[in-house]
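> need a structure here:
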Amino acid sequence: MLTQTTLLHLPLFSCFISPVKLKFWRKDLQLTHTWTIARGSEKTSQVLLVELSDDATSGLGESAPIARYHESVDTVEAFCQRVDPAKLSFADVPGSMKYLDTVAAGNRAAKCALNLALLDGAAKRAGKPLYDFLGLGFREHHHVTSFSIGIDKPEIIRKKVLAAEKYPVLKLKVGVPDEKTTLATLREVAPKPNGSPATATSSSSSNPCRRTRIPRTWSG
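Purely as a prediction, here's the structure:
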């Protein structure tokens, strides 16, 4: 049994910081529309969620692995099972990531989820939004993101583009024979005044890097 005198000689951190714990679980995301690109379609997307926690802080992360890069929810789960969470720390994110690289090479989807959870916990511990913790200088309405429009029937393309009206940049998936109809539909529906560009991308195996800028503002 440890006496009071013995406790006084223990390292300070052992009295106040508990080891990090790791939990992970699968989650099926039901998509509003079937997501179709040149390589295939899906109505449900399965991801793996992770949570790192100690007595004072918790951080959440998510992994959305892609078969194209030889990763799946199974590979992410298998990697997480090999992780010793006691070697992770919200106080040392770079050191934690170096440890993860020793667990196994590659496995970027799994490491991404754990990195997100570490950063989330570290920012909470610092009492800052993540963008301030990372020194990104976020300003409202200054930073923008895009909205991806998957391959679909013209009537669904219309609904998707209208639903994405608040996004200044659209990314349209192409790579099927009837691309002209898809582009014509987007031109018909996309907002005309003060628009920003859209980008069309192909994910076909024959042309994986095809990319075309499409003005979102149309004069016709």
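> Neighbours of the closest residue to residue 63 other than its chain neighbours, how many?
Spatial nearest neighbour of residue 63, excluding adjacent residues (C-beta to C-beta, 6 or more residues apart in numbering): residue 113 at 3.6 Å. Where C-beta positions appear, they are placed from N, C-alpha and C, glycine not excepted. Using other C-beta atoms under 10 Å, residue 113 is surrounded by 25 other residues.
> ok, residue 113 to residue 72 distance?
Distance of residue 113 to residue 72, computed by C-beta to C-beta, to the nearest Å: 13 Å.
> quick one: contacts for the residue nearest to residue 63?
Residue 113 is in contact with 24, 48-50, 61-63, 76, 80, counting by C-beta atoms under 8 Å, 6 or more residues apart in numbering.
> Run the chain-centre distance for the longest strand along the chain.
Longest strand in the chain, counting residues (DSSP state E): strand 21-37. Chain-centre distance of strand 21-37: 11 Å, with C-alpha atoms, centre = their mean, to the nearest Å.
> Repeat that for stretch 180-192.
Put simply, stretch 180-192 sits 28 Å off its chain's centre (C-alpha atoms, centre = their mean).
> buried ones in the top helix by length along the chain?
Ranked by residue count and defined by DSSP state H, the top helix of the chain is helix 108-126. Within helix 108-126, the residues scored as buried using 16 or more other C-beta atoms under 10 Å are 108-124.
> what sits against residue 60?
Contact partners of residue 60, counting by C-beta under 8 Å, 6+ apart, are 49-51, 116-117, 120.
> Checking my notes, it in a strand, right?
Yes: counting by DSSP: H, G, I helix; E, B strand; the rest coil, residue 60 falls inside a strand.
> Which pLDDT value belongs to it?
Residue 60 is assigned 98 on the pLDDT scale.
> for residue 166, same thing?
Listed pLDDT for residue 166 reads 84.
> From residue 73, how far off is it?
31 Å.
> Those two: who's more crowded?
The neighbour count for residue 166 versus residue 73, taken as other C-beta under 10 Å, is higher for residue 73 (20 against 7).
> got the angle between the longest strand of the chain and helix 108-126?
120 degrees (axes from the mean of the first three to the mean of the last three C-alpha atoms, to 10 degrees).
> list the helices and strands strand 21-37 packs on?
strand 40-53, helix 73-82, helix 154-163 (3 or more C-beta pairs under 8 Å, 6 or more residues apart in numbering; DSSP states H and E).
> In what element of secondary structure is residue 148 found?
Using DSSP states H and E, residue 148 sits in strand 146-149.
> who's in contact with that strand?
In contact with strand 146-149 (C-beta under 8 Å, 6+ apart) are residues 157, 160-161, 164, 167, 169-173, 186, 199.
> Could you please name the strands it pairs with and the direction of each pair?
Sheet pairing of strand 146-149 (DSSP bridges) gives strand 169-174 (parallel).
> how far off helix 154-163 does the strand it pairs with point, in degrees?
Using the same axes, to 10 degrees: strand 169-174 against helix 154-163 is 160 degrees.
> So which bits of strand 169-174 are buried?
Neighbour-count burial for strand 169-174, with 16+ other C-beta under 10 Å as criterion, is recorded at 169-174.
> now stretch 65-84
Neighbour-count burial for stretch 65-84 [16+ other C-beta under 10 Å]: 65, 71-73, 75-77, 79-80, 83.
> Outside of it itself, which residues are in contact with it?
Stretch 65-84 is contacted by residues 22, 24, 26, 39, 46-48, 50, 63, 100, 103-104, 107-111, 113-114 when judged by C-beta under 8 Å, 6+ apart.
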